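Enquirer: Whatever this is, show me its structure:
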Amino acid sequence: MNNDVWKFSELKYVRPDLRVYRDLFADAILRVEEANSGDDVMQLILEVDEMTRKADDLVGVAFIRHSMDTKDPFYDEQQRWFDENLIYYDQAVLNFKEAVYNSQFKDYIEDKLGKQYFIDFEVQQKRFGDDCIELYQLESELCTEYYTIIGMAKAEVFGESKNVSELKAMFGNEDRNVRATAFKALSKIFRENEKRLEEIFDEIIKVRSQIAEKLGYESYVPVGYYLNHHTDYTPDDIEVFRNQVVEEIVPLCEKLYKVQEERLGVDLMVYDEKAVFPDGNLRRVGDDEYLIEKTREMYNDISQETGEFIDYMLSHELFEYKNRPEKEQGGYGLILLARKAPFVFTHFDGTMADYQVITGELGEAFARYVASRAQPIKEYYSATGEIMEIYALSMCLFAYNYADKFFGENAEKYKYYNMQELITLIPAGCAIDEFNHICYSNPNMTPKERTAEWRRLEKKYLPWREYDGDEFFENGGYFYSVPHVFLYPFYYINYALARVHALEMRGKYVKYPEVTWQNYMNLIEKGGRIGYAEVVEQAELTPLFTEGSVKKAMSHAKEVMETYIEKEKNE
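Expert: The predicted structure is shown next:
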């Protein structure tokens with residue numbers, strides 16, 4: 001197949017023989033130990049990087065196709081096989097990196113690839129143990145079961161079968177009866193699955209706690225930090241950040257929701273939070289194909305690099321956006337390494353969320369696209385979670401200049417909605433993060449104690465949230481609908497940190513668009529070569545772990561929203 005003319009749907013898939021790669025790694029380790037120079041070791045790193053890309057891509061193709069059709073028995077079986085066996089491949093990769101780490105040419109490699117190469121290895125080493133393999137497999141199986149339950153669950157509303165994602169999308173409908181009906185249907189789904197979801201979460205926490213114990217930690221908290229590459233800050237730093245959010249951002253959110261309550265003329269319930277305007281939240285203009293064409297126009301107008309990127313993504317079928325019943329819920333981005341091809345998986349639903357996908361998710365894919373063409377090894381094609389979220393959300397905010405292409409005369413209403421959503425999700429991210437800390441610091445809590453703890457945190461970080469008397473959610477069951485709580489512990493703080501940074505970046509872009517864009521390009525070219533603290537420093541953003549830092553970083557966003565509110569009062 002010509003490398004320049006291919007489509008994702010045409011890519012051939014054969015399950016990789018991971019045993020072959022284990023043998024190749026064993027040979028590579030021996031060659032590292034016998035190397036005579038740093039150049040020899042560097043060449044081996046590049047050879048290993050090259051030889052593993054095909055296997056990595058086959059894993060990616062299977063994962064994507066399983067997501068595209070969860071009912072496909074072939075890819076369902078492939079995913080289950082990888083859940084059980086990929087750990088051995090990962091172990092071989094880690095063993096090779098350990099050989100490089102322990103070689104006499106470590107300093108030479110660090111000089112060539114930067115310090116992040118060995119920081120990443122040290123993090124992987126601290127979170128992985130050979131005697132934990134069965135536990136990792138069990139953890140993966142439990143996560144897959146949760147995702148399957150949520151993905152397959154449906155409820156009938158107004159004569160139509162709706163999945164969890166579709167029900168949540170209905171919370172933005174202009175008809176409050178529709179919103180309330182969708183909310184009741186969502187509650188019914190989780191009530192019906194409550195017992196097994198409680199069991200899965202309890203088992204996941206206990207399995208992860210056993211992993212931590214085998215690795216020599218008192219709790220899973222440090223493992224969760226290493227898993228997410230949270231190496232530039234500590235739980236104490238995050239606590240300082242969360243406390244500032246309570247002091248600075250929660251009152252702003254309360255003000256925004258109070259104005260929204262007056263605008264809607266209702267006592268705000270959880271299903272009203274996304275219904276920002278009385279006539280319903282904005283729907284983008286046109287059908288899916290119209291949106292794609294405008295997306296192409298926007299990225300071609302932003303810069304030559306973004307234009308090349310979007311043409312590449314669309315011509316190679318790397319943007320999966322059609323909403324089909326058999327698709328897995330949620331969305332994600334990854335990169336097929338051998339082809340340097342980012343992939344974005346999502347669901348278009350006709351709402352303004354689709355625009356956020358084509359700016360945010362594609363913005364993250366653009367960062368991978370640029371880094372993969374600038375960096376020598378695949379490890380640097382992506383950065384840590386909070387960095388990638390900064391890049392994604394910054395693109396979302398840069399794209400405000402093009403909102404009229406997608407919302408016409410309602411462009412300003414979109415900007416208001418989007419900025420409110422970004423701001424109000426910061427406390428939600430902090431609530432989930434503190435919940436992570438509590439659950440994994442106290443693994444023997446009962447399921448009911450956990451739900452009570454979640455409700456307490458909602459009152460701390462989301463004091464406006466009301467559940468219209470729904471018993472399941474009033475007792476703290478809402479977190480069961482958040483996949484990250486189950487699948488990606490300690491990740492959600494990335495969203496909170498990145499939103500504050502991106503909102504500050506937007507302020508810089510308004511004042512100095514050309515300089516800010518060039519700075520952005522310089523950062524994304526570095527990919528994973530630099531860490532979170534360096535990104536914050538080089539972007540001239542405010543570090544968020546000292547008193548007063550959140551107030552400073554949020555000054556532009558707060559001013560924008562208060563101006564909107566004042567203007568609305570005077571109209």
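Enquirer: Do a quick rundown of the strands in the chain.
Expert: Using DSSP state E, the strands of the chain run over 154-157, 160-163, 319-320, 332-336, 341-345.
Enquirer: buried sites along the last one?
Expert: In other words, strand 341-345. Under the neighbour-count criterion of 16 or more other Cβ atoms under 10 Å, strand 341-345 has 341, 342, 343, 344, 345 buried. From N, CA and C alone the C-beta is placed, and that goes for glycine too.
Enquirer: what helices or strands is that strand leaning on?
Expert: With contacts defined as 3 or more Cβ pairs under 8 Å, 6 or more residues apart in numbering; DSSP states H and E, the packing partners of strand 341-345 are helix 38-68, helix 304-315, strand 319-320, strand 332-336, helix 362-372.
Enquirer: Of the ones you listed, flag the one that's most buried.
Expert: Comparing the helices and strands packed on strand 341-345 by mean neighbour count (mean count of other Cβ atoms under 10 Å), helix 362-372 comes out on top with a mean of 26.
Enquirer: for the buried residues of strand 341-345, which one is nearest residue 142?
Expert: Relative to residue 142, the closest of those is residue 345; by Cβ to Cβ it sits at 21.9 Å.
Enquirer: Would you quantify the distance from the nearest residue to that closest one once chain neighbours are set aside to residue 393?
Expert: Counting by Cβ to Cβ, 6 or more residues apart in numbering, residue 320 is the residue found nearest to residue 345 once chain neighbours are left out, at 4.9 Å. Per Cβ to Cβ, to the nearest Å, residue 320 is found 21 Å from residue 393.
Enquirer: do residue 104 as well
Expert: 43 Å.
Enquirer: Between these two, tell me which one has more neighbours.
Expert: Taking other Cβ atoms under 10 Å, residue 104 and residue 393 do not tie; residue 393 has more neighbours (25 against 11).
Enquirer: residue contacts, the more buried one?
Expert: Contacts for residue 393 (Cβ atoms under 8 Å, 6 or more residues apart in numbering) come out as 360, 363, 422, 498, 499, 501, 502.
Enquirer: which of those residues lies closest to residue 527?
Expert: residue 363 (14.4 Å).
Enquirer: before we move on, back to that, include pLDDT when you put the contacts of residue 393 into JSON lines, please.
Expert: Putting the contacts of residue 393 into JSON lines (pLDDT from 0 to 100) gives the following:
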{"residue": "360", "pLDDT": "92"}
{"residue": "363", "pLDDT": "95"}
{"residue": "422", "pLDDT": "95"}
{"residue": "498", "pLDDT": "96"}
{"residue": "499", "pLDDT": "97"}
{"residue": "501", "pLDDT": "97"}
{"residue": "502", "pLDDT": "96"}
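Enquirer: Scan the residues you listed and report the most crowded one.
Expert: The contacts of residue 393, ranked by neighbours (other Cβ under 10 Å): first place residue 363, 31 neighbours.
Enquirer: Could you give the number of residues near the closest residue to it other than its chain neighbours?
Expert: By the measure of Cβ to Cβ, 6+ apart, the closest residue to residue 363 outside its immediate chain neighbours is residue 395, 2.6 Å from it. Counted by other Cβ under 10 Å, the residues lying close to residue 395 total 26.
Enquirer: wait, residue 395 sits on residue 365?
Expert: No - taking contacts as Cβ atoms under 8 Å, residue 395 lies outside contact range of residue 365: 9.6 Å.
Enquirer: picking up where we left off before, hang on, isn't the residue nearest to residue 345 packed against residue 346?
Expert: Yes - contact criterion Cβ under 8 Å: residue 320 and residue 346 qualify, at 7.0 Å.
Enquirer: Point out where the stretch 1-150 of the chain drops to low pLDDT.
Expert: 1-3 (pLDDT under 70).
Enquirer: What ranges does it have for its helices?
Expert: Using DSSP state H, counting those that start in this stretch, the helices found in the stretch 1-150 of the chain span residues 18-33, 38-68, 73-101, 106-113, 116-127, 133-152.
Enquirer: So which of the ones you listed is nearest residue 307?
Expert: Taking those one by one with Cβ to Cβ, helix 38-68 is closest: 24.9 Å.
Enquirer: Could you check how far residue 550 is from residue 426?
Expert: Residue 550 is 9 Å from residue 426, by Cβ to Cβ.
Enquirer: any common contacting residues for these two?
Expert: In contact with both residue 550 and residue 426: 245, 249, 500, using Cβ under 8 Å, 6+ apart.
Enquirer: got the strands of the chain as JSON lines, with mean pLDDT and distance to residue 215 columns?
Expert: Below are these laid out as JSON lines (pLDDT from 0 to 100; distance: least, Cβ to Cβ, whole Å):
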{"stretch": "strand 154-157", "mean pLDDT": "94", "distance to residue 215": "39"}
{"stretch": "strand 160-163", "mean pLDDT": "91", "distance to residue 215": "37"}
{"stretch": "strand 319-320", "mean pLDDT": "95", "distance to residue 215": "36"}
{"stretch": "strand 332-336", "mean pLDDT": "94", "distance to residue 215": "27"}
{"stretch": "strand 341-345", "mean pLDDT": "96", "distance to residue 215": "32"}
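Enquirer: Show me the one of these that comes nearest residue 267.
Expert: Across the strands of the chain, closest to residue 267 is strand 154-157 (Cβ to Cβ), at 22.6 Å.
Enquirer: and the closest one, which strands flank it?
Expert: strand 160-163 (antiparallel) (DSSP bridges).
Enquirer: quick one: contacts of the strand it pairs with?
Expert: 151, 153, 154, 155, 156, 170, 182, 185, 325, 329.
Enquirer: can you map out the helices along the stretch 351-500 of the chain?
Expert: 353-356, 362-372, 385-398, 403-407, 411-441, 447-461, 471-474, 483-487, 493-511.
Enquirer: among those helices, which is nearest residue 266?
Expert: Each of the helices of the stretch 351-500 of the chain has some distance to residue 266 by Cβ to Cβ; the shortest is helix 411-441, at 16.9 Å.
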